[in-house]
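In: 3D model of this:
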Amino acid sequence: MTDLTVSSRAALQERRRRLRWQKRWKLAKLLWRTVCVSSLTGGLLWVVAESNWIIRSPQQIHVEGMNLLSEETVRSLIPMAYPELIFDVDPGEIERQLQAHGPIDTVAVDRQLFPPSLSVYITERRPVAVLLGDTYTNPFETEITPSASWRPVPSKVAPTGLLDESGSWLPITSYTHVRDDVELPTLTVIGMQASYRQAWRTLYTIVRSSPIEISEIDWQHPGNLIFNTELGIVHIGPYPDSHLQEKLILLDQLRDLPKRINLEHIAYIDLTHVASPMLQFKPTAPQYNQTILQVPVPLQDEQLDDVLPE
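Out: The predicted structure follows:
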């Protein structure tokens, strides 16, 4: 046997040895990958099946940003059927539902995996006035046409909703569970309609800055806006009115009126014409001359002195 033959056999055996090692290594890697994949799959299945990854109660929903609404109220507006797997929760759907059914301006929802929970961040639509009325629940659904037989609606009727600064209607049930330290608006509005929404924004800005406190706005008739103020009933006239701010400044100048006249004798203060404010007295007012009561009395010092009781 020559050296060449011996060398060839040794090389062949070495090659076969390497091939067997490579096959074993490939088999070992395949087995290792199979074990890893099986472990990961089993672990994932365990994670999914584990109860800690399920939203079981509203207490696992954390709400931030409330000033008026309670956390319980916001939770009640979230459409979830407990228990629910956190991976099945759709943050976008929750955001849409909250904005559609709650007095909420903006909302963002995040899912937290450790521990499983939801974080809800909101900004509220803050009510600035209470809507009064007894013929409709949402004044923006229908328009009310004033008639010749129009009569004021009594103020002591059930509230039908709330109004925010932009003129949007809010269901009063949305604020049923407000925080204990929060008070709802004291300003009331009668006769609000959808067509007044744009005018409301300017009106509310002026009313909010009025030096005389205004507790009620009667908007039932567009030809005569009526305020209930600390000085009594005030007829403003048609609105929108570019002179509204002037009229409220003029009303502030009458702040000392209670010192000069018994306000209970006055039916209303007429500011329809800013250049000639008037007083209208009640027909039953005592100690006043009936000829004076038949017409409004200009608010001038000498004429006020004439109608003051002796």
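
In: now the helices: where do they sit in the chain?
Out: Under the criterion DSSP state H, the chain contains helices at 3-49, 71-76, 91-101, 197-208, 244-253, 290-293, 301-307.

In: residue ranges with poor pLDDT in the chain?
Out: Low-confidence segments of the chain (pLDDT under 70): 1-12, 14, 41-52, 133-158, 176-182, 286-310.

In: which residue is nearest the middle of it?
Out: For the chain, the residue nearest the mean C-alpha position is Arg125 (2.2 Å; C-alpha atoms, centre = their mean).

In: Go ahead and confirm it touches Pro103.
Out: Yes. Counting by C-beta atoms under 8 Å, a contact exists between Arg125 and Pro103, whose distance comes to 4.6 Å. Glycine gets a C-beta too; all of them are placed from N, C-alpha and C.

In: what residues are shared contacts of the two?
Out: When C-beta atoms under 8 Å, 6 or more residues apart in numbering defines a contact, the residues bordering Arg125 and Pro103 alike are 164, 170.

In: How about Leu77, nearest residue that isn't a chain neighbour?
Out: Distances taken as C-beta to C-beta, 6 or more residues apart in numbering put Gly102 closest to Leu77, at 4.6 Å, once the chain neighbours are dropped.

In: Enumerate every residue touching that neighbour.
Out: Applying C-beta under 8 Å, 6+ apart, the residues contacting Gly102 are 69, 73-74, 77, 174.

In: how close does it sit to Ala108?
Out: Note on Gly102: its distance to Ala108, by C-beta to C-beta, to the nearest Å, is 14 Å.

In: Over to Leu163?
Out: When distances are taken as C-beta to C-beta, Leu163 and Ala108 turn out to be 26 Å apart.

In: Comparing those two, which residue is more hemmed in?
Out: Set side by side, Leu163 and Ala108 give different neighbour counts by other C-beta atoms under 10 Å, the larger being at Leu163 (24 against 14).

In: Now do the contacts for the more buried one.
Out: Applying C-beta under 8 Å, 6+ apart, the residues near Leu163 are 127-131, 169-170, 189, 192, 200.

In: mind running it again at 6 Å?
Out: Residues in contact with Leu163, defined by C-beta atoms under 6 Å, 6 or more residues apart in numbering, are 129, 131.
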